[in-house]
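# with the input below, show me the fold.
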Amino acid sequence: MSLNTAKYISTQRDLTQKFREAVNAATPFYPTLCAEIQSNGADEKYGMLGSMPGVKEWLGDRQFKKLRAADFTISNRKWENSVEFEKDDIDDDRLGLMSTVMADFGNEAALHPDDLLFETLVAGETTACFDGQYFFDTDHSWGDSGTQDNDLTYAAATGTTPTAAEFRAAFHQARTAMLKYTNDQGKKLNRPVSTSMASLLVIVPPELELVAYEGLYAALNSNGATNVVIDRPRIIVSPILTDATKFYTFNLGGALKPFVFQKRKPIQTPTWKGADDPEYKVLKMMTDARYNLGYLAWWKAVLTTFN
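All right, here's what the predicted structure looks like:
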């Protein structure tokens, strides 16, 4: 083995370690909103069961009811990232920039499901979930639930630019809708004390950041009265959201999540090519994964649009 070959093999080993360290250190957001499921094939079929019937007074014979059922399928998607490093650049790297690049690459790989989550979130206005309706829609219905709406609008006085007071009112409208959702048996999904404001998450685009914080976190509202929702819901600002008229409210209470993250094969440790071939002028690095993200419980999420 030549000295150069040994050097490049050592370099790729060091860069691989930087990648692993970055992946392990990353703190992705997607587990906040996603139930994580290990996949065992190209796709997975999920059965959505209806709710248990409520307890009732025993009069006469037992009354047996079948649980309603629906199903949906999520197909895994393939992901890859492949990079070439010029060997001359490796030889000339005095600042350790290759290590920085690999750390960034590992972090990007670990956080890619977050990008997929927000892609799925935005597509919820035009993509169906288990009940055949768009995830965000005005006419969800299952069994005895009646027609229900998690695609809300709020009329701001200035059109699409709300004041802090209007944002607070729109948030209250979303929370009220969540509290009133019913299951397929016609019973309320939320017990009277099961949905505190502390269990709610609000995601806004950058344009709504200030009115969201002022409307929900300020000690006093614009009229000088105490703000009753002070410091309750968590607020996340996402630059991925490009529509300045929309925000999302999520109920994180309970075990059920609004989305499913389906993992077939996690991000793989990079493989390399070219280190042991002096004719190769580059080191080629390759990694791949298989996973996807889909819709689960629409009643855990509300979209609000200012108009």
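# which pLDDT value belongs to the residue lying closest to residue 266 once chain neighbours are set aside?
The shortest distance from residue 266 to any non-neighbouring residue, by Cβ to Cβ, 6 or more residues apart in numbering, is to residue 289 (5.9 Å). Placement of C-beta: from N, CA and C, glycine included. You'll see residue 289 listed with a pLDDT of 95.
# report the mean per-residue pLDDT for the helix or strand containing residue 113.
Residue 113 belongs to helix 97-122 when assigned by DSSP states H and E. Helix 97-122 shows a mean pLDDT of 92.
# in contact with residue 299, which residues?
Applying Cβ atoms under 8 Å, 6 or more residues apart in numbering to residue 299 gives the contacts 140, 148, 150, 178, 181, 189, 251.
# tell me what the first one is bridged to.
On DSSP bridges, the residues paired with residue 140 through beta bridges are residue 148.
# let me see the contact set for the most centrally placed residue in the chain.
The chain has residue 117 as the residue nearest its centroid, 3.8 Å off, counting by Cα atoms, centre = their mean. By Cβ under 8 Å, 6+ apart, the contact set of residue 117 is 29-30, 33-34, 259, 261, 293.
# helix or strand for the residue nearest to residue 82 when sequence neighbours are not counted, which one?
Nearest non-adjacent residue to residue 82, counting by Cβ to Cβ, 6+ apart: residue 286, 4.7 Å away. Take DSSP H and E as the rule and residue 286 turns out to sit in strand 282-295.
# would you map the helices across this protein?
3-25, 87-92, 97-122, 164-180, 209-217 (DSSP state H).
# which parts of the longest one are buried?
By neighbour count with 16 or more other Cβ atoms under 10 Å, helix 97-122 contains the buried residues 98-99, 101-103, 105-107, 109-114, 116-118, 120-122.
# also the first one?
Buried positions in helix 3-25, judged by neighbour count with 16+ other Cβ under 10 Å: 8, 11-12, 15-16, 18-19, 22-23.
# what's the ChimeraX syntax to select whichever of the contacts of residue 117 are buried?
Buried residues within the contacts of residue 117, by 16+ other Cβ under 10 Å, are selected in ChimeraX with:
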select :30,33,34,259,261,293
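# closest to residue 170 among the contacts of residue 117?
Proximity of the contacts of residue 117 to residue 170, judged by Cβ to Cβ, is greatest for residue 33, which lies at 20.3 Å.
# so of the contacts of residue 117, which ones are in strands?
Among the contacts of residue 117, the ones falling in strands (DSSP state E) are 34, 259, 261, 293.
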